[in-house]
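**Student:** let's see this in three dimensions:
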Amino acid sequence: MNFGDKIQLQRKKKGMTQEELGEELNVSRQTITKWESNQSFPEIKKIIKLSYFFDVTIDYLLKDEIEDEERNVIKIEKEEKNIFSTKIKLLIIPLIVSLVGMLILYVDSYIHPITTTDWDGIYYDGFWGYLYINERKELFFILLLVFLINCTFILYFNKKGKN
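**Tutor:** Reported below is the predicted structural model:
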């Protein structure tokens, strides 16, 4: 809101016409019209009188445009942070799924332990033996890859969001 809009708003709040405000400040109605339409700007003494008359601060009359711009910048920054947090939330879902999948494979390897020797004499046991014998190596490496990629993106977006 600019200076003219604020003068007009305050005048209307008091239920005054431009002519009545002009009489109060010892200026013409046309001068008030020019102030409200931002065609001219009052001298400092009139600004002080306006602030007393409307019971507002001089800062309110003069600096509100800057505050509006600052609010817009803050609003944009908050929206950007929300976008980053939404992206991170979307990345956390596959991260959790891959982590749970790997955990299930690991727990299942303890529930159903493998101790065997392959036809070529290689001895398999534990987690890696379980993955090899049950042909789940590919699944494990896909889950691991999804986990690592999501961790990388989360760290990237988190770092970008802080800057």
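
**Student:** just the pLDDT at residue 141, thanks.
**Tutor:** You'll see residue 141 listed with a pLDDT of 94.

**Student:** that one - how many residues pack around it?
**Tutor:** 11 (other Cβ atoms under 10 Å). (C-beta placed from N, C-alpha, C; glycine too.)

**Student:** in which helix or strand would I find it?
**Tutor:** Element membership for residue 141 (DSSP states H and E) is helix 137-162.

**Student:** can you tell me the closest non-neighbouring residue to residue 5?
**Tutor:** Distances taken as Cβ to Cβ, 6 or more residues apart in numbering place residue 36 nearest to residue 5, at 7.7 Å, with adjacent residues excluded.

**Student:** could you check how far that neighbour is from residue 60?
**Tutor:** 16 Å (Cβ to Cβ, to the nearest Å).

**Student:** likewise for residue 40?
**Tutor:** Residue 40 is 20 Å from residue 60, by Cβ to Cβ.

**Student:** who's more crowded, those two?
**Tutor:** The neighbour comparison of residue 40 against residue 60 (other Cβ under 10 Å) goes to residue 60, with 14 against 11.

**Student:** contact partners for the more buried one?
**Tutor:** By Cβ atoms under 8 Å, 6 or more residues apart in numbering, residue 60 lies in contact with 6, 51.

**Student:** next SSE after the helix or strand containing residue 60?
**Tutor:** Taking DSSP H and E as the definition, residue 60 sits inside helix 58-111. Proceeding N to C from helix 58-111, the next assigned helix or strand is strand 115-117, under DSSP H and E.

**Student:** that next one packs against which elements?
**Tutor:** Counting contacts by 3 or more Cβ pairs under 8 Å, 6 or more residues apart in numbering; DSSP states H and E, strand 115-117 packs against strand 123-125, helix 126-133.
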